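> Got a sequence here, can you model it:
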Amino acid sequence: MSSLSRELVFLILQFLDEEKFKETVHKLEQESGFFFNMKYFEDQVQGGEWEEVERYLSGFTKVDDNRYSMKIFFEIRKQKYLEALDKQDRAKAVDILVKDLKVFSSFNEELYKEITQLLTLENFRENEQLSKYGDTKSARNIMLLELKKLIEANPLFRDKLAFPSLKASRLRTLINQSLNWQHQLCKNPRPNPDIKTLFIDHTCGPPNGARAPPPANNPLVGGIPKQGAFPLGTHSPFQPAPPSASSLAGWMANPNPPAPHAPVANGPAALTAPPNSAALLKRPRTPPSTTPTVDYQSADSEHLMKRARPGVQSVDEVFVPGGTSHPQNNVSPDDLPKSVARSLNQGSCVMSMDFHPIQQSVLLVGTNVGDIGIWEVGSREKLAQRTFKVWDITAASMPMQAALVKDPAVSVNRTVWNPDGTLLGVAFSKHIVHIYAYNGGSDLRQHLEIDAHVGGVNDLAFSHPNKQLCVITCGDDKTIKVWDAATGRKQYTFEGHEAPVYSVCPHHKESIQFIFSTAIDGKIKAWLYDLLGSRVDYDAPGHWCTTMAYSADGTRLFSCGTSKDGESYLVEWNESEGAIKRTYSGFRKRSAGVVQFDTTRNRFLAAGDEFLIKFWDMDNTNLLTTIDAEGGLPASPRLRFNKDGSLLAVTTSDNGIKILANRDGMQMLRALEARAYDTNRVPPEPAVSKPPVGNALGVVSTPGGGGGERPNSSSMAGSVMDGPTLNMGGSRVRPRERVGNDHSGMEGGRTPETKPRIPDEIPDRSKSWKLTEITEQNQCRTIRLPDSLPPNKVARLIYTNAGVALLALASNAVHKLWKWQRNERNINGKATASVSPQLWQPASGILMTNDISETNPEDAVPCIALSKNDSYVMSASGGKVSLFNMMTFKVMTTFMPPPPAATFLAFHPQDNNIIAIGMEDSTIQIYNVRVDEVKSKLKGHQKRITGLAFSNTLNVLVSSGADAQLCMWGTDGWEKRKSKFVQVQPGGRSPSMGDTRVQFHNDQVRLLVVHESQLAVYEAAKLDRLRQWVPQNPFPAAISNATYSCDSQLIYAGFVDGSVGVFDAESLRPRCRLAPSVHIPPGVSGSTVYPLVIAAHPAEPNQFALGLSDGGVQVIEPLESEGKWGTGPPADNGTASGVPSGPASGNQGSDQTPR
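All right, here's what the predicted structure looks like:
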């Protein structure tokens, strides 16, 4: 087959994949033999579809092609045979032995005999070589690893494992280009050509002539009715028939039916679409030229290239000369926000975002650890942050209290502003809704706490039924509830869904207020504010998680959802028919996660899919464009436009947010950044009085405040830029309104003639910044933990994963465990510096002491690791490794007697039975506790191992040693991938001596490297250093230990002079210094007592603990009034450093604080 023919097959494969022809695409892969789809092969193997596995393989290789192929087929058939034996299906096993495995007897007769003898065993695991065979699922996964290696090594699969890089819909693009070329050859080219078929070349007939219709017996196109035969609805000179009672328009026109439920058509009939408008042209996008270039995705060509999906009927767009389906605005695709203007580091995975409705550069964010933040994206400043806590535990229901005790982890499901931005709502994954009052700037106050639903609260929205502001929620308890936003009193409960309710969408048509709701079974219902039940009952495409939204003008309804199989659907609804009007194409098969979408400017739709942001014109079902936002996006990024569409916030895979902007958005952000600097300048710069102008937010303001002076920081807290109300002498004054409602001459509601002042040069704001110094204990919260045992220097220190206890390992091999009790002063029982804990011991009074036979523990290198459920601790102090029960302190087992001694321990993040053990002899042993066996021994260091860290995202183990070397090992086969020696700046301390520690950032991609001579951040995949900090004033001493905070936003570092530094994790710039006097007893110098180890709380990012050289343990937090450790240095102009990153992952389970 020629090269072009081969490339045509790839184009067809891409088309079939985009159109979701599931079986056909894999059939073509197999028959052509051009592309081996490893993901499909893995799915079939894991599903045990052995016939399909071999059929698919047969397109690429046969059993006797080479030794790799023979091994591939043998492993598959052997697994099939063992599974039959495991199910005691001996008849099937014999059949497999004779038909499938017999072919291998001619190559290895002894092996075939051994396989045959398995039939004689009651359990084939009695065979020594199969004694470790686990369950079916794990056995298939282990076999898959072997198969992948064999396939990659097999020369017959060379150049067949990677699909070529193609732009989306490449085949459609080529067809369009061909049609454009044909159109340019027409003698009388029409401006709006009518393309009815691809089967013959296109020609434009005479200007007044009519083209003959395609053959009526065409099985694909079908009969094309005459144009006049189609019901044109509002475009027709005749009035449409009254809507049915079951349609959206019907129940709104008759909001009070006599029966509790309006009639609903059975089955899919409720979604029946109007007749197909295939003969009518879509509106072409025609650039001004004599022979225009036209996008030929006409209704008929779309019909030819689109596969009808069960239960989802679409209606193509209707074009009538002289009229359009929807009024057009003057917005072009160039006005979409596509340029990355800001990068914000939230610190934990962002779950929900919403721009302020008035202050359009203020962004509300909720995360997977339950905290919320408010960002001013113009100045990159986080105005306010709140971590999750129950405001009034006494008012909480018993189910809620039980849920929080069972699993205290809480995520934000939804954050949203009310229409005027004075309130914000937060829906959490457990029971609760929080409503905050917001008065601009950092003024965020608790307003209402509602125990809303049993289980998770999945969505939240504000609405104004009966001219009263209400909060609408939905949850896992299958209900929708309406609450008074002022008092929190429940007003309505809507019941009728048979599955947890996933989303709500309140809206109104004229004076009728209603709510759409969607459930995870795909049902869409609509409710009026009464107790008469749902008015409609539709099926959403995909039949799973779906969200709905109206265009900004409220005239068009859209929904976006993803099925359980990962197929995503973005559709527009015909409200008058209760049917799908159009289905937008361009989603990748098997989306990772539920795809999120948003609308803007009454013209565009955007959704996050395939690590991209995808845009559509509302009037065209084809993908308009895609952008990758300079990379770093997750598979299904969340996104949100601001009100005028000049900014777009999108989540990143490194727990951050990128702000994309168009030209107007860029101007607005620059103006806000300049203004943020100007308001903080001392003395204030005189401003020239200017007439009122419209700023970038579309709000009339007077520069200089009309008094010739620039507003100071306190007045800005209540300005139009910083809040919807002005605080003046305790009274609240509304900001001045927009001037008039006439937007003629404006685009998207903005004033085109005037722009905000953009300074030519933004001065260096770092000159006004100063490091926060804490020198007294009363400047923070600190507590020295009680200790009745003899003092010995603290060698290792770790918080439990639940954050309720601290575990220390002293240099004498004794463990100490402090637990915080739940009481009135400490409601959640978490570790805190405000309450003293108890030094805990079991009733037996025994101490948890490591094996120290034939060793001096003072000379040993201690190591410790905690299981994910806090039930077991693994520890060593130069002797055997001991496994302790954390409840009884009893030794459950010991292993690995020296020499060599263990020097570092780390649990495998996906299997608690696998432990990586760094040894004194520079090796790393991969040990399986369950079978008491060393699986692998890794060699690459020259001195003892001092640090180990796993990454789930990269599937690697990174090790560090006393030789100042970093090594990276693949966790699939434990092969060494890369190594690098720690770098040092000229004139700095040499890292060749002393311990080197490693710890992964929450994104599991960046790596913190700690040595007494430096702090450094590396990109782990390449072991490339991204940035470095070396001791210097005000931290001139050597580093003793350092760790990330739980959200990876900060780095806590201890120094041998007794001081502690708090660093910004992104820039490695110090933001706070704690003097030795804060944590060292009076009269003792820092040169003799200093922090040996430092641990970060697993849930409180501003809490850390110190293990001191005098045996003391100190817990330290900032004052409640401060809430954080100082302020970071101003960010550099431009976006933050673009560090490659991946999704957050689980705990690392090592000496360092688990993540």
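
> Dump the longest helix along the chain to CSV, restricted to CA.
Counting by DSSP state H, the longest helix found in the chain is helix 67-86. Taking Å, rounded to 0.1, in the frame of the first residue of the first chain, the C-alpha atoms of helix 67-86 are listed here in CSV:
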residue,chain,number,x,y,z
ARG,A,67,10.2,-15.4,19.4
TYR,A,68,8.5,-12.2,20.7
SER,A,69,5.2,-13.1,19.0
MET,A,70,5.4,-16.7,20.3
LYS,A,71,5.9,-15.4,23.8
ILE,A,72,3.0,-12.9,23.5
PHE,A,73,0.5,-15.6,22.4
PHE,A,74,1.8,-18.1,25.0
GLU,A,75,1.3,-15.7,27.9
ILE,A,76,-2.2,-14.9,26.8
ARG,A,77,-3.2,-18.6,26.4
LYS,A,78,-1.5,-19.6,29.6
GLN,A,79,-3.5,-16.9,31.5
LYS,A,80,-6.7,-18.1,29.9
TYR,A,81,-5.8,-21.7,31.0
LEU,A,82,-5.0,-20.7,34.6
GLU,A,83,-8.2,-18.8,34.9
ALA,A,84,-10.2,-21.8,33.8
LEU,A,85,-8.4,-23.9,36.4
ASP,A,86,-9.0,-21.3,39.1
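
> Quick one: mean pLDDT over it.
Averaged across helix 67-86, pLDDT comes to 92.

> Which elements pack onto it?
Packing partners of helix 67-86 (3 or more Cβ pairs under 8 Å, 6 or more residues apart in numbering; DSSP states H and E): helix 50-58, helix 90-96, helix 136-153. To be clear about C-beta, it is placed using only N, CA and C from the backbone, and glycine gets the same treatment.

> Format the ones you listed as JSON lines; extra columns: distance to residue 810.
As requested, the helices and strands packed on helix 67-86 are arranged in JSON lines below (distance: least, Cβ to Cβ, whole Å):
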{"stretch": "helix 50-58", "distance to residue 810": "56"}
{"stretch": "helix 90-96", "distance to residue 810": "58"}
{"stretch": "helix 136-153", "distance to residue 810": "39"}
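
> right, so those helices: which one is the most enclosed?
helix 50-58 (a mean of 17; mean count of other Cβ atoms under 10 Å).

> so it versus helix 136-153, what angle?
Orientation note: helix 50-58 sits at an angle of 10 degrees relative to helix 136-153 (axes from the mean of the first three to the mean of the last three Cα atoms, to 10 degrees).

> what's helix 50-58 in contact with?
When contacts are defined by Cβ atoms under 8 Å, 6 or more residues apart in numbering, helix 50-58 is touched by residues 26, 29, 30, 40, 41, 44, 45, 72, 73, 76, 80.

> Sort out which one of the residues you listed lies nearest residue 426 for me.
Residue 426 lies nearest to residue 40 out of the contacts of helix 50-58, by Cβ to Cβ, at 41.0 Å.

> Could you measure from that closest one over to residue 551?
Per Cβ to Cβ, to the nearest Å, residue 40 is found 38 Å from residue 551.

> May I have the secondary structure class of residue 394?
Under DSSP: H, G, I helix; E, B strand; the rest coil, the three-state class of residue 394 is helix.

> quick check: domain ranges of this structure?
If you go by the TED database, the domain ranges for the chain are 36-157, 339-675.

> one step back: which one of the helices and strands packed on helix 67-86 lies closest to residue 389?
helix 136-153 (39.5 Å).

> between that closest one and helix 67-86, how big is the angle?
Relative orientation of helix 136-153 and helix 67-86, computed by the same axes, to 10 degrees: 170 degrees.

> Distance from the very next helix or strand once past helix 136-153 to the middle of the chain?
Toward the C-terminus, helix 136-153 is succeeded by helix 170-184 as the next helix or strand (DSSP states H and E). Centre-to-centre, helix 170-184 and its host chain are 38 Å apart (Cα atoms, centre = their mean, to the nearest Å).
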